[in-house]
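Chemist: Predicted model, plus sequence, below.
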Amino acid sequence: MAFVSAMLAGGLLLGGCAAETTDGSAASPVSVADVESVDSTATTDDSTTTAETITSTTDAAEAFLQTLSDEQREQVTYAFDDETKTTSWSNFPVTFVDRAGLNISELTDEQQAAALKVLEALLSDEGYETVTGIMGGDEFLHENSSGAEESLGQYYIAFFGDPSDSGEWQFQFGGHHLGINATLDGSADSITFAPTHLGLQPAVYTDSDGNEVQPFATTYESAFAFYDSLTEDQQAQLYQSESVSNLVCAPGRTCDYPTGTGIAGSDLTEEQKQLLLDVIANWVGLADEETTSEQLAAIEATLDETYVNWSGATEYDMTQGEGIYFQISGPNVYIEFANQRGSAGADVAGYTTSGWGHIHTIYRDPTNDYANSVTQQAASGMGGAGGPGGGAAPNGG
């Protein structure tokens with residue numbers, strides 16, 4: 001398990017204070033032992049095809065459901081076309097926008113471990129490391145910042161439709177800086193992560209073993225590899241402002257997918273187009289090799305009509321400036337990456353928790369959000385999930 005050494009092995013837990021379970025006993029936050037107790041021989045999902053990922057994720061979901069009471073199963077499962085799926089994820093804390101399903105910190109150790117097995121089955125090694133690294137960042141803030149939002153480290157799990165390797169269903173998992181919406185369709189061997197929110201604060205932190213953790217390192221590196229590949233004239237087309245913008249299409253917000261600003265894919269060389277696809281892969285490449293390849297191929301088919309714009313820093317130097325903003329907008333992909341100008345009160349001495357160190361992102365597919373099962377509704381709370389300042393909530397935004 002790649003993420004174990006990065007986050008959990010050192011004792012960082014996914015939850016905070018112990019909660020009371022349905023039988024009145026205390027439930028401990030998730031630990032490495034909890035994850036491995038379900039199957040001591042299990043390793044991180046090694047699926048290479050979409051069908052394998054769908055089967056393994058379905059099996060893990062069914063195993064998780066078997067650990068629940070009838071009441072809990074009713075709480076965690078929704079109709080596939082329930083519009084709740086569009087309003088129950090956000091870049092706001094869980095105390096600001098209600099999440100669907102079950103709060104993992106309120107489950108027993110066995111149930112917590114089984115819930116994480118669903119996440120593990122869905123994601124590739126690299127995707128799992130990124131996602132659990134995000135969770136580790138929230139837990140780091142919860143433990144080290146007196147100004148952090150108290151609910152950091154709480155995550156929710158929900159299913160829309162019955163888990164199946166022959167039909168459509170959605171797995172929703174998230175909390176504050178994380179909102180995964182994965183739609184799996186066994187009848188078509190397809191998986192989409194649109195829409196999904198990946199965020200992080202701080203961008204670099206230290207686990208309890210003294211290891212430096214930087215879950216978005218590859219994202220930063222691939223973004224600047226693309227930027228640096230451009231000529232001066234191309235950079236002039238791409239560049240918008242020294243000021244870093246907030247997300248235009250924040251999690252849980254309706255979106256008209258603005259496009260046409262910056263440089264068009266048709267103005268890129270073949271090498272530059274590949275570097276742009278490498279950036280996009282940070283969002284569409286969370287699962288297996290086949291799913292990633294098929295998603296990137298669909299995006300590549302309309303890459304000439306896709307636009308990229310950039311603001312903020314032009315050098316990858318996290319000690320200078322307030323970070324970056326970029327937007328990738330085309331017929332089959334919409335991505336925003338935005339460094340947040342403030343820490344939202346979640347400061348930790350010696351760590352950068354604003355600008356470069358505070359990241360919000362969104363990935364959507366204008367043609368296939370939620371596999372076209374529902375239409376996006378605006379989330380409630382703080383004026384919608386975009387909220388004041390485009391998504392920066394007070395106390396740990």
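Modeler: Here it is on my side, so go on.
Chemist: SS state for L276?
Modeler: Counting by DSSP: H, G, I helix; E, B strand; the rest coil, the backbone at L276 sits in helix.
Chemist: Report pLDDT for it.
Modeler: The confidence metric pLDDT takes the value 98 at L276.
Chemist: how near is it to S208?
Modeler: From L276 across to S208, the span is 37 Å (CB to CB, to the nearest Å). All C-beta spots, glycine's among them, are computed from the backbone N, C-alpha and C.
Chemist: How about the residue nearest in space to the middle of the chain: what's its closest non-neighbour residue?
Modeler: Note on the chain: the residue nearest the mean C-alpha position is L198, at 3.0 Å, using CA atoms, centre = their mean. Spatial nearest neighbour of L198, chain neighbours left out: T361 (5.0 Å); criterion: CB to CB, 6 or more residues apart in numbering.
Chemist: Counting neighbours, what do you get for that neighbour?
Modeler: By the criterion of other CB atoms under 10 Å, T361 has 22 neighbours.
Chemist: now it, what's its secondary structure?
Modeler: Secondary structure assignment for T361 (three-state DSSP): strand.
Chemist: Report the separation between it and G321.
Modeler: Distance, T361 to G321, by CB to CB: 19 Å.
Chemist: Let me have stretch 342-352 in CSV, keeping just the CA atoms, if that works.
Modeler: The C-alpha coordinates for stretch 342-352 follow below in CSV (Å, rounded to 0.1, in the frame of the first residue of the first chain):
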residue,chain,number,x,y,z
GLY,A,342,-5.3,32.7,2.1
SER,A,343,-4.9,29.9,4.7
ALA,A,344,-8.5,30.4,6.0
GLY,A,345,-7.0,30.6,9.5
ALA,A,346,-5.3,27.2,9.3
ASP,A,347,-1.7,28.2,10.0
VAL,A,348,1.1,25.9,11.2
ALA,A,349,4.5,27.3,12.1
GLY,A,350,7.1,26.4,9.6
TYR,A,351,4.6,25.2,6.9
THR,A,352,3.1,27.1,4.0
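Chemist: For that stretch, what is the distance to the chain centroid?
Modeler: 21 Å (CA atoms, centre = their mean, to the nearest Å).
Chemist: cool, and stretch 122-135?
Modeler: 9 Å.
Chemist: just stretch 126-144 next, same as before
Modeler: For stretch 126-144 - counting by CA atoms, centre = their mean - the centre lies 11 Å from the chain centre.
Chemist: likewise stretch 132-150?
Modeler: Here stretch 132-150 is found 16 Å from its chain centre; the criterion is CA atoms, centre = their mean.
Chemist: Now do the contacts for L296.
Modeler: Taking CB atoms under 8 Å, 6 or more residues apart in numbering, we find L296 in contact with 277, 280-281, 284-285.
Chemist: ok so, going back, more neighbours: which of L276 and S208?
Modeler: More crowded of L276 and S208, by other CB under 10 Å: L276, with 25 against 13.
Chemist: Show the contacting residues for the closest residue to that one other than its chain neighbours.
Modeler: Excluding the flanking residues, the one nearest L276 by CB to CB, 6+ apart is F226, at 5.4 Å. Counting by CB under 8 Å, 6+ apart, F226 makes contact with 272, 275-276, 278-279, 308.
Chemist: Assign F226 to helix, strand or coil.
Modeler: Criterion first, three-state DSSP; result for F226: helix.
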